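Asker: Have a look at this prediction, sequence included:
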Amino acid sequence: MRDFSTDHRWLSINTATVRRQLGVDWPLPQILDACAARGIRAVSPWRDQVAAAGLDATARQLRALGLELSGYCRGGMFTYSDGAGRQTARDDNRRALDEACTLGAGCLVLVVGGLPGALEGRTAHRDIAAAREQVSEGIAALLDDARSRGMPLAIEPLHPMYAADRACINTLAQSLDVCDALDPSRSGALGVAVDVYHVWWDPQLEAQIRRAGRERLLAFHVCDWLVPTTDLLNDRGMMGDGVIDLRRIRGWVEAQGYAGYSEVEVFSAAHWWQRAGGEVLDTCIDRHRRCL
Ligand code: ZN
């Protein structure tokens, strides 16, 4: 297992961690500069942040700063209630793939979608099995393009509390079932993003990480689970402040040969988004060394 205690060369910052500090949007170009100034070598930006800064300008800045992308957030939201919704989802995923390629991302992260319309408060039906079928179809439709362009797709299972509105794929086992069905040769074009926040509780976690193996482990996201958690979406903890056995899980992932970045992804409306961005980045570096 790699020793993270003496440097932070394998730290990546998911830029949602510092997207809005003290009530003010922190523009992506400034986030990238602040990361580079601290010797952080990788980030994972969100599409809205890149759109605000400009895709080509962001690509140029990343190259100039020598920053890599541990992933790009995000594609997915494959579920639909009619033909127009299906086409909208497919078109949007093609654009996400284009952007990921322009930025040279390590993978395109997929948050697959829940029951159609649920996120907007107008749930179209209650058939979660049908939603899961649509997810598999949507990934299959994107996979050929992704493969030919050399951009791996990383399915991110989300904690079951998001099954209705964000992702009906909720365990690593489910994610790997899709991978096995669509990419049986384990080509590396399709895999998973293991986010400890979503999967730490799963009694099958170690076994499923082993099942994923090197070829399917495309990203590793870290934060912590606070007790109590006061918000379903935006109350993630900084590493070391919660109950996740981070080092043990990282050990399982690295035992499979994963040697990529640990991407810090903390959505924290009440706490970390209420600090100056530089202080949050410094804390990420410190906790990455001490708690991971
Ligand atoms: Zn994540």
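Answerer: Now that the structure is in, tell me what you want to look at.
Asker: Give me every residue in contact with stretch 39-56, excluding its own residues.
Answerer: Taking contacts as Cβ atoms under 8 Å, 6 or more residues apart in numbering, the residues outside stretch 39-56 that touch it are 8-9, 11-16, 19, 25, 27-29, 31-32, 35, 58, 61-62, 66-74, 96, 99, 102-103, 105, 109, 219, 261, 263, 265, 281, 285. All C-beta spots, glycine's among them, are computed from the backbone N, C-alpha and C.
Asker: Need the distance between the two termini of it.
Answerer: Stretch 39-56 stretches 23 Å from its first residue to its last (Cα to Cα, to the nearest Å).
Asker: Show me which residues of that stretch are buried.
Answerer: Judged by neighbour count (16 or more other Cβ atoms under 10 Å), stretch 39-56 contains these buried residues: 40, 41, 42, 43, 44, 45, 46, 47, 49, 50, 53.
Asker: For the stretch 51-200 of the chain, which residues are neighbours of the ion?
Answerer: Residues of the stretch 51-200 of the chain found near the ion (Cβ under 5 Å from the ion) are residue 195.
Asker: Indicate the residue of the stretch 51-200 of the chain located nearest to the ion.
Answerer: When distances are taken as Cβ to the ion, the stretch 51-200 of the chain reaches nearest to the ion at residue 195, 3.5 Å away.
Asker: For that residue, which non-adjacent residue is spatially closest?
Answerer: Nearest non-adjacent residue to residue 195, counting by Cβ to Cβ, 6 or more residues apart in numbering: residue 221, 3.7 Å away.
Asker: What separation do you get for the closest residue to residue 259 other than its chain neighbours and residue 234?
Answerer: Distance criterion Cβ to Cβ, 6+ apart; nearest residue to residue 259, sequence neighbours excluded, is residue 2 at 7.4 Å. Residue 2 sits 30 Å away from residue 234, taking Cβ to Cβ, to the nearest Å as the criterion.
Asker: And residue 39, by the same measure?
Answerer: From residue 39 to residue 234 the distance is 28 Å (Cβ to Cβ).
Asker: now swap in residue 190 and tell me
Answerer: Distance, residue 190 to residue 234, by Cβ to Cβ: 29 Å.
Asker: and the two? which has more neighbours close in?
Answerer: In terms of neighbours (other Cβ atoms under 10 Å), residue 190 is the more surrounded of residue 190 and residue 234; the figures are 29 against 15.
Asker: pLDDT below threshold where in the stretch 151-292 of the chain?
Answerer: Along the stretch 151-292 of the chain, segments meeting pLDDT under 70 are nowhere present.
Asker: ok, which stretches of the chain are helices?
Answerer: Using DSSP state H, the helices of the chain run over 28-37, 47-53, 55-65, 83-103, 128-148, 172-182, 196-199, 205-216, 246-255, 277-291.
Asker: got the buried residues for the third one?
Answerer: Translated: helix 55-65. In terms of neighbour count (16+ other Cβ under 10 Å), helix 55-65 has its buried residues at 58, 59, 61, 62, 65.
Asker: ok, what's across the strand from the most centrally placed residue in the chain?
Answerer: Geometric centre of the chain, nearest residue: residue 109, 5.3 Å, by Cα atoms, centre = their mean. Beta-bridge partners for residue 109, by DSSP bridges, are residue 73, residue 154.
Asker: can you pull the contacts of it?
Answerer: Per Cβ under 8 Å, 6+ apart, neighbours of residue 109: 44, 71, 72, 73, 74, 75, 76, 154, 156, 193, 219.
Asker: Between which two of these is the distance greatest?
Answerer: The most widely separated members of the contacts of residue 109, counting by Cβ to Cβ, are 44 and 76 (14.5 Å).
Asker: right, and residue 141 touches residue 90 too?
Answerer: Yes. In terms of Cβ atoms under 8 Å, residue 141 counts as a neighbour of residue 90; the distance is 6.0 Å.
Asker: which residues touch residue 188?
Answerer: Applying Cβ under 8 Å, 6+ apart to residue 188 gives the contacts 152, 215.
Asker: Now do it against residue 10, distance only.
Answerer: For residue 188, the distance to residue 10 equals 20 Å [Cβ to Cβ].
Asker: same thing with residue 234?
Answerer: Note on residue 234: its distance to residue 10, by Cβ to Cβ, is 26 Å.
Asker: Apart from its chain neighbours, what residue comes closest to residue 276?
Answerer: Per Cβ to Cβ, 6+ apart, closest to residue 276 is residue 21, 6.0 Å.
Asker: ok, back up a step: please tabulate the buried residues of helix 55-65 in TSV, including the columns pLDDT.
Answerer: Shown next, in TSV, are the buried residues of helix 55-65 (pLDDT from 0 to 100):
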residue	pLDDT
58	98
59	98
61	98
62	98
65	98
